[in-house]
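1. Sequence first, then the predicted structure, then my questions.
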Amino acid sequence: MPIRVTNPNILISGTPGTGKTTTSEMLASRTGFQHINVGDLVKQKELHRGWDDEFQAFEIDEDKVCDELEETMTRGGVIVDHHEVEFFPERWFDLVVVLRTDNSLLYPRLEGRGYAQKKIQENIECEIMQVVLDQATESYREEIIWELSSNSVEEMERNVERIEEWIRKRRNSG
């Protein structure tokens, strides 16, 4: 994919509780990029097939999500925040960040959200098995994927600084 003349699009992903939204909000605040939390978008625009009782979440209609985002993504300067990565078109993103968190920290984060024990266990298993990272490597070019540790606010801030630096270098080289 050619480098965009406009601002790049960035996908921030990771298992629930790894800090995607916090990182995305920090990055959007510092860059002026548009932050799209896909979970919120799905609820607001009803881009789902209904509620899934087993997973305590809306069943996302991936086609509707992609249709909703298509025009926005072509403009550039978008940070997409979501735990699933494989259904987005590869051409949309210039950088894919997969956040990883130690399970001893992830568990209490998920518990603090009021997640059911089954949902916590499934998310912990996904993190152990690096499901999101594997999906990213199957869906995007290796050179645009960054795996970053997200165990603390300090690490999140360093991650944002690192992404900002990447954006600056792209702007200066383009």
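-> Arrived safely, thanks for sending. Keep in mind it's a predicted model, so treat the numbers as computed, not measured. Residues are numbered from 1 along each chain as shown.
2. Helices of this protein, start to end?
-> All helices of the chain, identified by DSSP state H, fall at 20-31, 38-45, 62-75, 103-112, 117-128, 131-139, 153-173.
3. okay if I get those helices as TSV plus mean neighbour count and distance to Glu147?
-> Yep, even glycine has a C-beta here, placed from its N, CA and C like the rest. Formatted as TSV, the helices of the chain follow (neighbours: other C-beta atoms under 10 Å; distance: least, C-beta to C-beta, whole Å):
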stretch	mean neighbour count	distance to Glu147
helix 20-31	19	13
helix 38-45	16	20
helix 62-75	15	23
helix 103-112	15	15
helix 117-128	16	12
helix 131-139	18	6
helix 153-173	14	11
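4. Which one, of the ones you listed, ends up nearest to Ser13?
-> Set against Ser13 and scored by C-beta to C-beta, the helices of the chain come closest in helix 131-139, at 5.5 Å.
5. Which elements pack onto that closest one?
-> Applying 3 or more C-beta pairs under 8 Å, 6 or more residues apart in numbering; DSSP states H and E, one finds that helix 131-139 contacts strand 10-14, strand 95-100, strand 145-149.
6. any chance of those in CSV, plus mean pLDDT?
-> Formatted as CSV, the helices and strands packed on helix 131-139 follow (pLDDT from 0 to 100):
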stretch, mean pLDDT
strand 10-14, 98
strand 95-100, 98
strand 145-149, 98
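7. Dump those to a markdown table, plus distance to Ile163.
-> As requested, the helices and strands packed on helix 131-139 are exported to a markdown table (distance: least, C-beta to C-beta, whole Å):
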| stretch | distance to Ile163 |
| --- | --- |
| strand 10-14 | 7 |
| strand 95-100 | 7 |
| strand 145-149 | 8 |
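8. Out of these, which is the most enclosed?
-> strand 10-14 (a mean of 27; mean count of other C-beta atoms under 10 Å).
9. tell me the angle that strand makes with helix 38-45.
-> Angle between the axes of strand 10-14 and helix 38-45 is 100 degrees (criterion: axes from the mean of the first three to the mean of the last three C-alpha atoms, to 10 degrees).
10. which neighbours does strand 10-14 have in its sheet, and in what orientation?
-> Strand 10-14 pairs in its sheet with strand 78-81 (parallel), strand 95-100 (parallel), by DSSP bridges.
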